[in-house]
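Trainee: return atomic coordinates for the entry below.
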Amino acid sequence: MTLDLDLSADLGEGSPDEDGIWPLITSANVACGGHVGDETSMREAAAFAARYGVAFGAHPSYPDREHFGRRSLDLDADALRASLIAQISALRAFARVEHVKPHGALYNDAHKDRTRADTIVDAMCAVDPTIAIVAPDRSQMAAAAQAAGTRVIREAFADRRYEPDGSLVPRSITGSTLTIEEAAAQAVMLANERAVIARDGTRIPIAFDTICIHADMPQALERLRAIRTALTTPR
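Mentor: So this is what the prediction gives:
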């Protein structure tokens, strides 16, 4: 049985599993200097994407390499816009960027903050108005993109636990990262039911176009293999 879902991963972040992850995904979100990444890592990512036919996207963040982009920064809209344009443009030097997925704290902030979301979409359009945004369906990023006429690739996560409002449980909370078995089960539930079980035990619907895994988590490659096996096993 072949995999008929888009599997994506956040890459270019220095994980030792990355070489093994590229052949198993269909879309990639590549770090482009905000939280990590440099000319070498971006060039290597572009080569991997071309080799395996993987859709190539940017994974920009707050300019915060010290904290890996996982800390909210109080940047004004102009400063954030300039940083995002620089990051996306840096990646475009190596390959065509088809989509943009914000990273870390920026992703979490823009999930609920329309001003942040509008700034992200504006920066993307300034670089290339045909670039799509990767964002949760029920998010301010999706709303901002739709208002601007920007295509939205709705994202779900196989390896992270959800809050009842559809946002992700912060990594600082125990249990926010799913085990290999839990992630495989969540991927199957997403594929079959377009839903997940949230942290409080409630069932919440998740509309999506791509299922993401995080390459920077422990056992990322094993988790991805288990997810693919679960998704391609006849039931």
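Trainee: okay, buried residues for the lengthiest helix in the chain please.
Mentor: Using DSSP state H, we find that the single longest helix of the chain is helix 77-92. Neighbour-count burial for helix 77-92, counted by 16 or more other CB atoms under 10 Å, picks out 80-81, 83-92. Just so you know, the C-beta spots here come from the backbone N, C-alpha and C atoms, and that holds for glycine as well.
Trainee: same list (those) but as TSV, adding pLDDT and distance to Phe56.
Mentor: Conversion of those to TSV gives the following (pLDDT from 0 to 100; distance: CB to CB, whole Å):
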residue	pLDDT	distance to Phe56
Leu80	98	23
Arg81	98	22
Ser83	98	20
Leu84	98	17
Ile85	98	18
Ala86	98	18
Gln87	98	14
Ile88	98	12
Ser89	98	14
Ala90	98	13
Leu91	98	8
Arg92	98	10
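Trainee: closest to Asp6 out of these?
Mentor: Lowest distance from Asp6 to the buried residues of helix 77-92 (CB to CB) belongs to Leu91, with 19.6 Å.
Trainee: surely the closest one meets Val30?
Mentor: Yes: with contact defined as CB atoms under 8 Å, Leu91 counts as touching Val30 (6.0 Å).
Trainee: circling back to that earlier point, got JSON lines for the buried residues of helix 77-92, with distance to Asn192 too?
Mentor: JSON lines is the format used below for those (distance: CB to CB, whole Å):
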{"residue": "Leu80", "distance to Asn192": "38"}
{"residue": "Arg81", "distance to Asn192": "40"}
{"residue": "Ser83", "distance to Asn192": "40"}
{"residue": "Leu84", "distance to Asn192": "36"}
{"residue": "Ile85", "distance to Asn192": "40"}
{"residue": "Ala86", "distance to Asn192": "41"}
{"residue": "Gln87", "distance to Asn192": "36"}
{"residue": "Ile88", "distance to Asn192": "35"}
{"residue": "Ser89", "distance to Asn192": "40"}
{"residue": "Ala90", "distance to Asn192": "39"}
{"residue": "Leu91", "distance to Asn192": "34"}
{"residue": "Arg92", "distance to Asn192": "37"}
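Trainee: need the strands for the protein, in chain order.
Mentor: Secondary structure of the chain (DSSP state E): strands located at 6-11, 27-31, 55-59, 99-100, 132-135, 152-157, 195-197, 203-205, 210-214.
Trainee: need those in JSON lines (columns: mean pLDDT).
Mentor: Shown next, in JSON lines, are the strands of the chain (pLDDT from 0 to 100):
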{"stretch": "strand 6-11", "mean pLDDT": "97"}
{"stretch": "strand 27-31", "mean pLDDT": "98"}
{"stretch": "strand 55-59", "mean pLDDT": "98"}
{"stretch": "strand 99-100", "mean pLDDT": "98"}
{"stretch": "strand 132-135", "mean pLDDT": "98"}
{"stretch": "strand 152-157", "mean pLDDT": "98"}
{"stretch": "strand 195-197", "mean pLDDT": "98"}
{"stretch": "strand 203-205", "mean pLDDT": "97"}
{"stretch": "strand 210-214", "mean pLDDT": "96"}
